[in-house]
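Asker: Test case, fold it:
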Amino acid sequence: MNPADPPQLLIEQPPHDEAEAVSLAQLTNLVATTEPLPDLRDLAPAIRQLFPEPAYRVGCGGAHIWLARADDPQRLALIC
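Answerer: Sure, this is the predicted structure:
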């Protein structure tokens, strides 16, 4: 990830239900309106608010954030 580029969202699975679809739409808007960040970890708290524990797991590094359902080993989304 180039720090001068805005973050990009890749949704890797369809939503399980309408509530998750709404949260994914909010995530899409959040990522689309986020200015470039030198470290994506700054965005993780907002994503954890949209996808709280214990239903979801959010992990991050400086150049990416991943989102997964707690009961599913596959990622739901990746932000990089």
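Asker: Can you spell out which helices and strands pack onto the longest helix along the chain?
Answerer: Looking across the chain with DSSP state H, the single longest helix is helix 18-32. For helix 18-32, the packing partners by 3 or more C-beta pairs under 8 Å, 6 or more residues apart in numbering; DSSP states H and E come out as strand 9-11, helix 44-50, strand 75-79. Using the backbone N, CA and C atoms, a C-beta is placed for each residue, glycine as well.
Asker: Which stretch among those is buried most, on average?
Answerer: Ranked by mean neighbour count, those are led by strand 75-79 with a mean of 20 (mean count of other C-beta atoms under 10 Å).
Asker: ok and that strand relative to helix 18-32, angle-wise?
Answerer: Orientation of strand 75-79 against helix 18-32 (axes from the mean of the first three to the mean of the last three C-alpha atoms, to 10 degrees) gives an angle of 20 degrees.
Asker: List the neighbouring strands of strand 75-79 plus their orientation.
Answerer: strand 9-11 (antiparallel), strand 64-69 (antiparallel) (DSSP bridges).
Asker: What average pLDDT does that strand get?
Answerer: Average pLDDT, strand 75-79: 97.
Asker: just the CA coordinates of that strand, formatted as PDB?
Answerer: Below are the C-alpha coordinates for strand 75-79, written out as PDB (Å, rounded to 0.1, in the frame of the first residue of the first chain):
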ATOM      1  CA  ARG A  75     -12.000 -13.500   5.800                       C
ATOM      2  CA  LEU A  76     -15.100 -11.500   5.200                       C
ATOM      3  CA  ALA A  77     -13.200  -8.400   4.000                       C
ATOM      4  CA  LEU A  78      -9.800  -7.000   3.500                       C
ATOM      5  CA  ILE A  79      -8.800  -3.300   3.600                       C
END
